[in-house]
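Trainee: Show me the folded form of this:
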Amino acid sequence: KVFNPLALLYDGWVTLRYIGALRRALRVGRIDLVHSSGMVSQICAGVAARSLGLPHVAQVQDIIGSRLIRRWYGALLGRLTDRIAAISTAVATADLPIAKTQIVPNVVDLDRWQGGHLTRAALSLSDTQFVIGMVGRLTPWKGQRVFLAAARALLESGGQADRCRFVLVGDDSIGSVAGYRAELEADAQRGVLRDRVQLLGRRADVLDVMALCDVLVHASLKPEPFGIVIVEAMAMGKPVIATAHGGPCDIIDHGVDGLLIAPNDPVALTAALRDLLNDPVRAAAMGEHARLTVHTRYAAHTMIDSFRAIYDDLLADQLVDHTDRMR
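Mentor: Here you go, the predicted structure:
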């Protein structure tokens, strides 16, 4: 039978049954530690773990929009967890209990993040063009309108900007706003943007499309909990321009391995793009620094090492507590 975790939000009996089933599974499986992710799972896992005296680690990957719910959630996690692993400073400071929270950022599989299986010709692009990409769901808060406004301003400035081409990857199947994609497509056909902007929709080869770009843009209007696309692009040696709030502030060292700009500011984005277009040496150096940043801080082993240390610490405490009770 397929279990729908959302049912826990409105059906107390389902919640109790699920916690009971989880508790039995933990006991039968002789589990020593519980690791949970997602609000509903963390609450249920926390209750089950507490009832069995098991240490509980909650991995928090979102910033809840409602301040009231965020405070309630943080207070509840304070009671139901032994350690909270937040994926960024923005998440860690969103009303989570400070004493129990540490930052364990998301990572990428560097063996996968090479790209190179798609040619520019396949997208009607040439090697002499300066390709600027943006990857993300087509929803207003991701900032595609800001991206297109900056593209328009850059192209209208002429000169080197005539070489620029713009690529948008992403679909509107999740969190969509009616008519948003159609608005973007219509805007991309107006004036100087015509034939210079491609909306590629959902792609199975996002990695390869990113590999063709010279610069990646991340223009979210509200704080991202992390921004995995930024790390993915940096892993490929691409300079990234991102808005200076939320997770990107942890990831990018402004002016060294990327650029941070004010959110919802197409003028600032235009200026940043122009700087990289006109200074290819700086852009290339920024890309190399970006690759080094990811290899140093966001390779898979860094997350493994962080969680291993958390587990070892909590299990050692559990062993000490058990030994004290046996005396």
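
Trainee: so Ala48 sits right up against Arg23, yeah?
Mentor: Yes. Counting by C-beta atoms under 8 Å, Arg23 is a contact partner of Ala48 at 4.3 Å. The way it works is simple: take the backbone N, C-alpha and C, and place the C-beta from them, glycine included.

Trainee: So the two - more neighbours on which side?
Mentor: Ala48 (25 against 19; other C-beta atoms under 10 Å).

Trainee: For the closest residue to Trp141 other than its chain neighbours, the count of nearby residues, please.
Mentor: Setting aside the residues directly before and after it, Trp141 is nearest to Leu221 in space (C-beta to C-beta, 6 or more residues apart in numbering), at 4.9 Å. Residues within reach of Leu221, counting by other C-beta under 10 Å, total 14.

Trainee: quick one, phi psi at Leu221?
Mentor: Here is the backbone geometry of Leu221 (degrees, to the nearest 10): phi -80, psi -20.

Trainee: Buried ones in the helix or strand where Arg181 lies, by neighbour count?
Mentor: In this structure, Arg181 sits in helix 180-187 according to DSSP states H and E. Judged by neighbour count using 16 or more other C-beta atoms under 10 Å, the buried positions of helix 180-187 are Tyr180, Arg181, Glu183, Leu184, Asp187.

Trainee: Then stretch 44-56?
Mentor: For stretch 44-56, by 16+ other C-beta under 10 Å, it's Cys44, Ala45, Gly46, Val47, Ala48, Ala49, Arg50, Leu54, Pro55, His56.

Trainee: picking that back up, and the gap between the residue nearest to Trp141 and His117?
Mentor: 33 Å (C-beta to C-beta, to the nearest Å).

Trainee: quick one: Leu200 is in a strand?
Mentor: Yes. According to DSSP: H, G, I helix; E, B strand; the rest coil, Leu200 belongs to a strand.

Trainee: Now for the nearest residue to it once chain neighbours are set aside: which residues touch it?
Mentor: If the residues on either side of it in the chain are set aside, Leu200 comes closest to Val169, at 5.0 Å by C-beta to C-beta, 6+ apart. By C-beta atoms under 8 Å, 6 or more residues apart in numbering, Val169 lies in contact with Gly133, Met134, Val135, Gly136, Leu200, Gly201, Arg202, Arg203, Val206, Val209, Met210.

Trainee: Could you rank those by neighbour count and give me the top one?
Mentor: Neighbour counts for those peak at Gly133, which has 26 neighbours (criterion: other C-beta under 10 Å).

Trainee: Just the closest of the contacts of Val169 to Ile19, please.
Mentor: Gly136 (35.6 Å; C-beta to C-beta).

Trainee: what's the distance between that closest one and Ala309?
Mentor: Gly136 is 32 Å from Ala309, by C-beta to C-beta.

Trainee: Val217 now?
Mentor: 35 Å.

Trainee: Looking only at neighbour counts, state which of these two leads.
Mentor: Val217 (30 against 12).

Trainee: quick one, phi psi at the more buried one?
Mentor: According to degrees, to the nearest 10, Val217 has phi -120, psi 140.

Trainee: beta partners for it?
Mentor: Beta-bridge partners of Val217, counted by DSSP bridges, are Met134, Ile241.

Trainee: quick one, strands of this structure?
Mentor: 34-37, 56-60, 83-86, 101-103, 130-135, 164-169, 197-201, 215-218, 240-243, 259-261 (DSSP state E).

Trainee: okay if I get those strands as a markdown table plus mean pLDDT?
Mentor: Shown next, in a markdown table, are these (pLDDT from 0 to 100):
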| stretch | mean pLDDT |
| --- | --- |
| strand 34-37 | 97 |
| strand 56-60 | 98 |
| strand 83-86 | 98 |
| strand 101-103 | 97 |
| strand 130-135 | 98 |
| strand 164-169 | 98 |
| strand 197-201 | 96 |
| strand 215-218 | 98 |
| strand 240-243 | 98 |
| strand 259-261 | 98 |
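
Trainee: Out of these, which is closest to Asp109?
Mentor: strand 130-135 (16.9 Å).

Trainee: Can you list the helices and strands that the closest one packs against?
Mentor: helix 144-156, strand 164-169, helix 206-212, strand 215-218 (3 or more C-beta pairs under 8 Å, 6 or more residues apart in numbering; DSSP states H and E).

Trainee: if we can go back for a sec, quick check: the farthest pair among the buried residues of stretch 44-56?
Mentor: Cys44 and Pro55 (16.1 Å).

Trainee: Sketch out the low-pLDDT regions of this structure for me.
Mentor: 1-11, 113-116, 175-176, 319-327 (pLDDT under 70).

Trainee: max-length helix in it?
Mentor: Ranked by number of residues, the top helix in the chain under DSSP state H is helix 300-326.
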